[in-house]
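**Q** mind looking at a prediction? Sequence and model below.
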Amino acid sequence: MLNSSSSNTAYRCGRLLAVLDDAARAATSARNDLVDRSYAAASTTPAACFPRLLKLHRAHIDKLRRDKPGAANRIQATVEEIMSDISNIPPLFTPADQAQFALGVYHQQAAGRAARTAAATSAALATDIGGVAPITTEQELNS
């Protein structure tokens, strides 16, 4: 279960990687798997890895602002929320930090998947009941 109030830097960095992955997939393609490519480095040497990932994120957000402004705003707000309690990204994560990082990645991914499933279910139910699906939050954000 996502702990958005956790101030653990490793947990927040894990969440951050998951959200940066969402941005990369939304801006490029579903096959652009940032987590698979960057997990090892981000979970062990975050200070060396995250500056590069955040620079790449700027390019993804710029593309999303042009193509999907709602998604860009939602993703950027989540990045800002996650980073608000990070005062310093350490050069190394200990094994205990790496465990917290893993939890952050998987909790954030699960929360995102649950939100997408709920939006799709809501749209499907509305279509079955009334014949026309209302605009869901996810649809509005991606338009």
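**A** Nice, I can see it.
**Q** doesn't residue 42 make contact with residue 92?
**A** No. With contact defined as CB atoms under 8 Å, residue 92 does not count as touching residue 42 (11.8 Å). C-beta coordinates here come from the backbone N, C-alpha and C atoms, glycine included.
**Q** looking at those two, which one has more neighbours?
**A** Each of residue 92 and residue 42 had its neighbours counted (other CB atoms under 10 Å), and the higher figure belongs to residue 42 (25 against 11).
**Q** can I assume that one is in contact with residue 17?
**A** Yes. Residue 42 lies in contact with residue 17 (CB under 8 Å); the separation is 5.2 Å.
**Q** okay, and the common contacts of these two?
**A** Residues touching both residue 42 and residue 17 by CB atoms under 8 Å, 6 or more residues apart in numbering: 53, 101.
**Q** list the buried residues for stretch 89-96?
**A** For stretch 89-96, burial by neighbour count (16 or more other CB atoms under 10 Å) applies to 89, 93.
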